[in-house]
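Undergrad: Sequence first, then the predicted structure:
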2 protein chains.
Amino acid sequence: MEKLNDWASHSGRQQLWKHASRETGTDMVFSIFLPPGEGPFPVVWYLSGLTCTPSNVTEKGEFRRVCAELGLAFLAPDTSPRGEAVADDPAYDLGQGAGFTVDATEAPWAANFRMRSYIEDELPEVAALHFPLDMARQGITGHSMGGHGALTVALRNPGRFRSVSAFSPIVAPSLVPWGQKAFAAYLGTDRSAWALHDAVALIDAGARLSDVMVDIGDADSFLETQLKPELLREACNRAGIPLTLRLQPGYDHSYYFVSTFMSDHLRWHAERLGAGRDPL
Amino acid sequence: MEKLNDWASHSGRQQLWKHASRETGTDMVFSIFLPPGEGPFPVVWYLSGLTCTPSNVTEKGEFRRVCAELGLAFLAPDTSPRGEAVADDPAYDLGQGAGFTVDATEAPWAANFRMRSYIEDELPEVAALHFPLDMARQGITGHSMGGHGALTVALRNPGRFRSVSAFSPIVAPSLVPWGQKAFAAYLGTDRSAWALHDAVALIDAGARLSDVMVDIGDADSFLETQLKPELLREACNRAGIPLTLRLQPGYDHSYYFVSTFMSDHLRWHAERLGAGRDPL
């Protein structure tokens, strides 16, 4: 573990760390915000979208003020392994920066692209060991590809996350171009392997969340082709999962959108994590 | 005038514009946030620090939530002319990205480096013409080199700005390496020309502000060599200018610092601009 940076911000500490990952076989960078106080702090995971490193949300996400107010830690992993020795593709939506939270089974990706195991197993161990976090109080959110990640990680790990939300998530990757391209490359063309990485398919197979909040801009250029929130609404209706789905008028897919609604999401998580209240 | 981008954010619009500048002889880019409503809006100018374009504060400044709440527009110019045909220097603190809000008189800078006239004359005309701004209610702030700019522009234009603040400003550029290097290059070695661009020298020569707020991190690595806030305190004491100078413990020179105290500054400006109150 190497601390790359440690900034005072909003009364807490914004840190950037690098560690050698056993899952990806590479160095992985993540950012963590620790609110003021001693902890242990409930923690909200934030999974980023295509092309992003942890720096995007760390610089543009506008999460620190509210996290400091509510006593939430905020953990932002990278979106894939990276490096000269790691497979890549010239397209922005495959390879480095496009991990899709899967453990790849196909060449050349299988060697390093183990983002499911990294996010679900390794990084929680690292985080619990090194930071004053209350791992019984975890929430998860994410943006776009990372919204897909937040939903599927939560659905595959019942009971781990007490709060789940997403910004502009890909809700049914098996049915849209981004997901079809990535899953075919990483998991092969046998679609039976895809269902474990598709929020709508997971819900239809019986996975459950206690509730979930989703914000999407109605001016998001990916709304109809890649995001298809109506598929999540229908799946939640079928499954009886309470879904708060908000189409935000005029907003697009950018961090100008994410940062606008970040505080709403953090308050949603804090309520479910019992954060921001004085202890009884 | 060309609108490069226009994002919904925090209930308002964050826009990025490009225009051909008569002063610099180049295209200049600026960003403006317009809060919700019709206006005319009081406007806070934000002058950025060395190396910055308008994008730095626009992405990292965390100003939109409070500007939307208080009904403030937020105008962020670039820090210098830019382009292949514009003089430059390999150092980060001279040439493109390092305009220092002066009209250069020395070769090769004099041709394009007219940031004083651009900020004081041209951009106010452009802004008043194209946006619903109440130019009788202007405030100004800035960071580092832009804090120097905010202080000196306000001191040279009495009555124009009803509120003035700065983050980590260079308060006496004539006395510190950043300013001495830039002023020698842009204005020549005759120091009599420098005093018009030095906040402490301007105050000592009789320029006045009704009051001013300054935040600086006490872990700012430039504090003792380049910023020297004690020189501003002494000058304000001599002149009877009320100065709110806050040394913020643990904070450095970065946007993690600026974004933390941005809302305090905007509320300071709003009070003096009569913003954020219901009209009587």
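TA: Yep, that arrived.

Undergrad: Next, the contact list for A:D211, please.
TA: Residues near A:D211 by C-beta atoms under 8 Å, 6 or more residues apart in numbering or on different chains: A:V164, A:I241, A:P242, A:L243, A:T244. To be clear about C-beta, it is placed using only N, CA and C from the backbone, and glycine gets the same treatment.

Undergrad: hmm, I was thinking of A:Q96
TA: Applying C-beta under 8 Å, 6+ apart, the residues near A:Q96 are A:S80, A:P81, A:R82, A:V86, A:D88.

Undergrad: how about 7 Å then?
TA: Residues in contact with A:Q96, defined by C-beta atoms under 7 Å, 6 or more residues apart in numbering or on different chains, are A:S80, A:R82, A:V86, A:D88.

Undergrad: same deal with A:D204?
TA: A:D204 touches A:A235, counting by C-beta under 7 Å, 6+ apart.

Undergrad: Quick check: it vs chain B, distance?
TA: 33 Å (C-beta to the nearest C-beta, to the nearest Å).

Undergrad: what does the stretch 51-200 of chain A have sitting close to chain B?
TA: Residues of the stretch 51-200 of chain A found near chain B (C-beta under 7 Å from any C-beta of the partner chain) are A:E59, A:K60, A:E62.

Undergrad: circling back: including distance to A:V102, neighbour count and secondary structure, could the contacts of A:Q96 go into a markdown table?
TA: Shown next, in a markdown table, are these (distance: C-beta to C-beta, whole Å; neighbours: other C-beta atoms under 10 Å in any protein chain shown; DSSP: H, G, I helix; E, B strand; the rest coil):
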| residue | distance to A:V102 | neighbour count | secondary structure |
| --- | --- | --- | --- |
| A:S80 | 10 | 30 | coil |
| A:R82 | 16 | 20 | coil |
| A:V86 | 15 | 18 | coil |
| A:D88 | 16 | 17 | coil |
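
Undergrad: Looking at the residues you listed, which is nearest A:A235?
TA: Checking the contacts of A:Q96 against A:A235 by C-beta to C-beta gives A:S80 as the nearest, at 26.8 Å.

Undergrad: about what we covered before: neighbour-wise, give me the winner out of the contacts of A:D211.
TA: A:V164 (26 neighbours; other C-beta atoms under 10 Å in any protein chain shown).

Undergrad: Contact partners for it?
TA: Counting by C-beta under 7 Å, 6+ apart, A:V164 touches A:G139, A:I140, A:A150, A:L151, A:A154, A:L209, A:V212.

Undergrad: Just the element for the fifth one, please.
TA: I take that to be A:A154. Following DSSP states H and E, one finds A:A154 within helix A:145-156.

Undergrad: how about that helix as CSV, C-alpha atoms only?
TA: C-alpha atoms of helix A:145-156 as CSV (Å, rounded to 0.1, in the frame of the first residue of the first chain):
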residue,chain,number,x,y,z
MET,A,145,-21.0,1.4,-16.4
GLY,A,146,-20.4,1.8,-12.6
GLY,A,147,-24.1,2.1,-12.0
HIS,A,148,-24.4,-1.3,-13.7
GLY,A,149,-21.6,-2.4,-11.4
ALA,A,150,-23.3,-1.1,-8.2
LEU,A,151,-26.6,-2.8,-9.1
THR,A,152,-25.1,-6.1,-10.0
VAL,A,153,-22.6,-6.2,-7.1
ALA,A,154,-25.4,-5.5,-4.7
LEU,A,155,-27.7,-8.1,-6.3
ARG,A,156,-25.0,-10.8,-6.2
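
Undergrad: what's next to it, contact-wise?
TA: So helix A:145-156 is contacted by A:47-50, A:79, A:98, A:100-101, A:119-120, A:140-142, A:161, A:164, A:166-171, A:173, A:196-197, A:199, A:202-203, A:207, A:209 (C-beta under 7 Å, 6+ apart).
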